[in-house]
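A.B. asks: take this sequence and fold it.
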Amino acid sequence: MFLVIDVAFRLNSDVAEASIIDMTMEMCVQNLAGKDTMISFRAEAHGSGFRYEALQWGTKFTKPNGINHPAKCTFVNCQVQKKLILKKVVQ
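C.D. replies: The predicted structure follows:
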């Protein structure tokens, strides 16, 4: 999953359903150093389905990890560990 850092971080319904977000409304996100942060999500209507917006994304993840707009981040959804893992940041 590729993401350009912006004001909000949203996951589409396919990613949310493949993870546990659509049931628990929260997910662990791991930074490049291996530190985990629990992020809460909220569902929002999008077309005929839903997408899930991360709450406090800037204050809980991007700012503490020195990731600024317009950074491009690559995440992997790990089904076994049930978390998103940040693999690459390009400033």
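A.B. asks: may I see the buried residues of stretch 66-74?
C.D. replies: 67, 71, 73 (16 or more other Cβ atoms under 10 Å). All C-beta spots, glycine's among them, are computed from the backbone N, C-alpha and C.
A.B. asks: and the longest strand that the chain contains, average pLDDT?
C.D. replies: The longest strand of the chain (DSSP state E) is strand 36-46. The average of the pLDDT scores along strand 36-46 is 92.
A.B. asks: quick one: list the elements packing against the helix or strand following it.
C.D. replies: Using DSSP states H and E, the helix or strand that follows strand 36-46 towards the C-terminus is strand 49-54. Contacts defined by 3 or more Cβ pairs under 8 Å, 6 or more residues apart in numbering; DSSP states H and E place strand 49-54 against strand 10-12, helix 13-18, helix 21-24, strand 36-46.
A.B. asks: pull the CA coordinates from the third one and hand them back as CSV.
C.D. replies: Provided in CSV are the C-alpha atoms of helix 21-24 (Å, rounded to 0.1, in the frame of the first residue of the first chain):
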residue,chain,number,x,y,z
ILE,A,21,-10.3,-2.3,11.3
ASP,A,22,-13.8,-2.8,10.1
MET,A,23,-14.6,-4.7,13.3
THR,A,24,-12.5,-3.1,16.0
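A.B. asks: which of the residues in that helix are buried?
C.D. replies: Those would be 21-22, for helix 21-24 by 16+ other Cβ under 10 Å.
A.B. asks: any idea which element Val89 lies in?
C.D. replies: Going by DSSP H and E, Val89 is in strand 83-90.
A.B. asks: output the longest strand of the chain as CSV, nothing but the C-alphas.
C.D. replies: Provided in CSV are the C-alpha atoms of strand 36-46 (Å, rounded to 0.1, in the frame of the first residue of the first chain):
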residue,chain,number,x,y,z
ASP,A,36,4.0,0.2,17.5
THR,A,37,1.3,2.9,17.8
MET,A,38,-2.4,2.1,18.3
ILE,A,39,-4.5,4.2,15.9
SER,A,40,-8.3,4.6,16.1
PHE,A,41,-10.3,4.8,12.9
ARG,A,42,-13.8,6.0,12.0
ALA,A,43,-15.9,4.8,9.1
GLU,A,44,-17.1,7.3,6.6
ALA,A,45,-19.4,6.8,3.6
HIS,A,46,-17.6,6.9,0.3
